[in-house]
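J.: please work out how this folds:
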Amino acid sequence: MAGHRDWERRLPRALRPPALFGDGTAEHAEHVVTPALALFFLGSALVLAPWTAWLFLTLPPAAVAAHWNLAWGGFDALMIVAFIGAGVRILRVSARGAVVTAAACALLVTDAWFDVMTASTRDELVEALLMAGLVELPMAALCLRTSLRVVGLLEQARPHLLRAGFTIRHGRLVPPPDWERTLVGRGVDPGPDRGSDQGVD
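T.: Numbers count the residues shown, from 1 in each chain. Below is the predicted model:
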């Protein structure tokens, strides 16, 4: 934990991420992901920016691609996997459904972009625009909405869990020591203690 806080001290105050539970200074506070990971992604964006500009300036407007059928067939297979995963997670009322639907959203937007950008005739362009406007982008919006609803619910639960005394240990949610007694006092069956060996489903 000390190493994590050293990273935080080097960041501008506006970029210092709070701990999921607590202000990051208490001994029990723990980051689910470290601030170093944020620096990694920001640095990756800085590295990618000049490379992207170079591609815009130097790549030819048209090219012959190998394995075209495998590229697009494999891409659609990925979307099938994402859709099945989203359906299963939603049926299981699993919070991880937010991750799968976010991935499905990204795949759909990517599919629409490349369909439109690689259209070689007017008819192909019209077909790609219709597919994007009527199918792919609306589905992407639905996936994004689903993901944001789940994440928003978890964000709403955070302050209530914090006030109740929950903490994070090794990336897992841990109830306060007297949590079971509190539930029993309210006439609620606490059930098996899963906080120490399982993550959020």
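J.: remind me, longest helix of this protein?
T.: helix 137-164 (DSSP state H).
J.: show me the contact partners of stretch 103-123.
T.: The contact list for stretch 103-123 (Cβ atoms under 8 Å, 6 or more residues apart in numbering) reads 75-76, 78-79, 82-83, 86, 125, 127-129, 131-132, 136-137, 139-141, 143-144, 147. All C-beta spots, glycine's among them, are computed from the backbone N, C-alpha and C.
J.: any idea how this structure splits into domains?
T.: Following automatic domain parsing, one finds the domains of the chain at 1-59, 68-164, 168-201.
J.: what's the most buried one of those domains?
T.: Among the domains of the chain, domain 68-164 has the highest mean neighbour count (mean count of other Cβ atoms under 10 Å), at a mean of 15.
J.: any idea how far that domain is from the chain center?
T.: Relative to its chain's centre, domain 68-164 lies at 12 Å (Cα atoms, centre = their mean, to the nearest Å).
J.: pLDDT of that domain, averaged?
T.: Regarding domain 68-164, the rounded mean pLDDT is 93.
J.: and that domain, how far apart are its ends?
T.: Counting by Cα to Cα, to the nearest Å, you get 55 Å between the two ends of domain 68-164.
J.: please apply the same query to stretch 169-180.
T.: Span of stretch 169-180 from end to end, Cα to Cα: 18 Å.
J.: repeat that for stretch 159-170.
T.: Stretch 159-170 has its terminal residues 20 Å apart, counting by Cα to Cα.
J.: the residue most central in space within the chain and residue 43, how far apart?
T.: Compute the mean C-alpha point of the chain, and by Cα atoms, centre = their mean the closest residue is residue 99, 4.8 Å away. As judged by Cβ to Cβ, to the nearest Å, residue 99 and residue 43 stand 24 Å apart.
J.: same check, this time on residue 70
T.: Remark: distance between residue 70 and residue 43 (Cβ to Cβ) = 33 Å.
J.: got it, and residue 62?
T.: For residue 62 relative to residue 43 (Cβ to Cβ), the value is 33 Å.
J.: and for residue 154?
T.: Separation of residue 154 from residue 43 (Cβ to Cβ): 28 Å.
J.: residue 147 too?
T.: Distance, residue 147 to residue 43, using Cβ to Cβ: 26 Å.
J.: secondary structure element for residue 76?
T.: According to DSSP states H and E, residue 76 maps onto helix 68-91.
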